[in-house]
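**Student:** kindly return the folded structure for what I paste below:
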Amino acid sequence: MSKQYNVAILGATGAVGTRMIEQLAQSTIPVKHVKLLASKKSAGKTLQFKGQPVTVEETTPESFDGVDIVLSSAGGSVSKKFLPEAVKRGAVCVDNTSAFRMEPDVPLVVPEVNEAALKDHHGIVANPNCSTIQMVMALEPVRRNFGLKQIVVSTYQAASGAGQSALNEMYQEAQDFLDGKDMQPDAHILPTKGDKKHYPLAFNLLPQIDVLEESGYSHEEWKMIHETKKIMLGDMNSQDIKVTATCVRVPVPIAHGESVYFTVEDESATAQDIMRVVADFPGNVLEDDIAHQIYPQPINAVGKRETFVGRIRPDYENKGAFNMWVVADNLLKGAAWNTVENAERLVALGLV
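**Tutor:** Numbering: from 1, shown residues only. This next block holds a predicted model:
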């Protein structure tokens, strides 16, 4: 009989955690026992795994005794506190927070793009930022076939990327607006909870995701730049691909959109060539039929694991440059599914 695994989900009651439970249930991982972990406040709640009730437990270091795999999405400070304890007890952790992404000895992995990096783990594998994941999914086949010189990305990121509370706040603001009320009093979370000012997202756009840094970039933009280089090139500071980003929060519940402008090394590449390699890449779906107005839309991506790519077209002013539009469910491929998928690959490769 093949080995079965004891799996713990840290942050099980959150928007990503609940989806991790669903994705784990649908995965190829042979699960012997699942443990659902959260804060003291959530302990005692009952959730379902494969139709069976599982009681949520308060997280302690001892929670990881006998656990083989940890799937984590409970926030960076929680991951930093508990994942080293899990590793100490023999578990392999896949972390969906920013806590370990830039650590040089922690692989940052999108399985379709850089699965080989998993073999270098020392107990922790990091899940990239949601906006980074879908962009590298769309661009990796381009890089492999035609080379990549530069990426300029503008994101249209859903409210759920800031958590369930931000999504609920947007809904309340929208209702206030429709009722003729002032939305501002309900704005307590966005653009980012820890910052000095907060603004409504409903019927609005916020060109700030995460904190603004002295460089003029937001931390989300910094993450996209350096995570892309680490995933594609193995070096977060590589100059082999130039990357810049503008990240914007938009009043969409779930699924991020991205306008991606890129230049390739092989200037003989055509838009049809780009479409072909994107469509052939595992995990991608090409939706690009302008004659019938077919292109990716967030509303159609919700609940799906794939990355949707369309509007691929050349920049007629600059040879070797192209535009594309990329959409994915930020809570699935951007978080829960990519985390579980990494764990699937760790099991399949015998790295647990």
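
**Student:** where does pLDDT dip in the stretch 151-300 of the chain?
**Tutor:** Across the stretch 151-300 of the chain, nothing is flagged by pLDDT under 70.

**Student:** ok, now with 90
**Tutor:** With pLDDT under 90 as the threshold, the stretch 151-300 of the chain has low-confidence stretches at 194.

**Student:** that one: strands as residue ranges?
**Tutor:** Defined through DSSP state E, counting those that start in this stretch, the strands belonging to the stretch 151-300 of the chain, from first to last, are 242-249, 256-264, 284-286.

**Student:** give me the residues contacting the first one.
**Tutor:** Residues external to strand 242-249 that are found in contact with it (C-beta atoms under 8 Å, 6 or more residues apart in numbering): 131, 149-159, 161-162, 190-191, 201, 205-210, 217-218, 220-221, 224-225, 228-229. Where C-beta positions appear, they are placed from N, C-alpha and C, glycine not excepted.

**Student:** export that strand to CSV, keeping only CA atoms.
**Tutor:** Taking Å, rounded to 0.1, in the frame of the first residue of the first chain, the C-alpha atoms of strand 242-249 are listed here in CSV:
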residue,chain,number,x,y,z
LYS,A,242,13.8,43.7,-16.7
VAL,A,243,10.6,43.9,-14.8
THR,A,244,8.4,46.8,-13.6
ALA,A,245,4.9,46.8,-12.2
THR,A,246,1.9,49.0,-11.3
CYS,A,247,-0.5,47.3,-8.9
VAL,A,248,-4.1,48.5,-8.6
ARG,A,249,-6.9,47.2,-6.4
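
**Student:** what angle do it and strand 256-264 make?
**Tutor:** With axes from the mean of the first three to the mean of the last three C-alpha atoms, to 10 degrees as the basis, strand 242-249 and strand 256-264 are set at 160 degrees to each other.

**Student:** select only the buried ones of the contacts of strand 242-249 in PyMOL?
**Tutor:** Listed next is the PyMOL selection for buried residues among the contacts of strand 242-249, using 16 or more other C-beta atoms under 10 Å:
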select buried, resi 131+151+152+153+155+156+157+158+159+161+162+190+191+201+206+208+209+210+217+218+220+221+224+225+228+229
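
**Student:** deepest of the strands of the stretch 151-300 of the chain, which one?
**Tutor:** Mean neighbour counts were taken over those using mean count of other C-beta atoms under 10 Å, and the top value, a mean of 22, falls to strand 256-264.

**Student:** ok, that one: who's next to it in the sheet?
**Tutor:** Strand 256-264 has the following strand partners under DSSP bridges: strand 148-157 (antiparallel), strand 321-328 (antiparallel).
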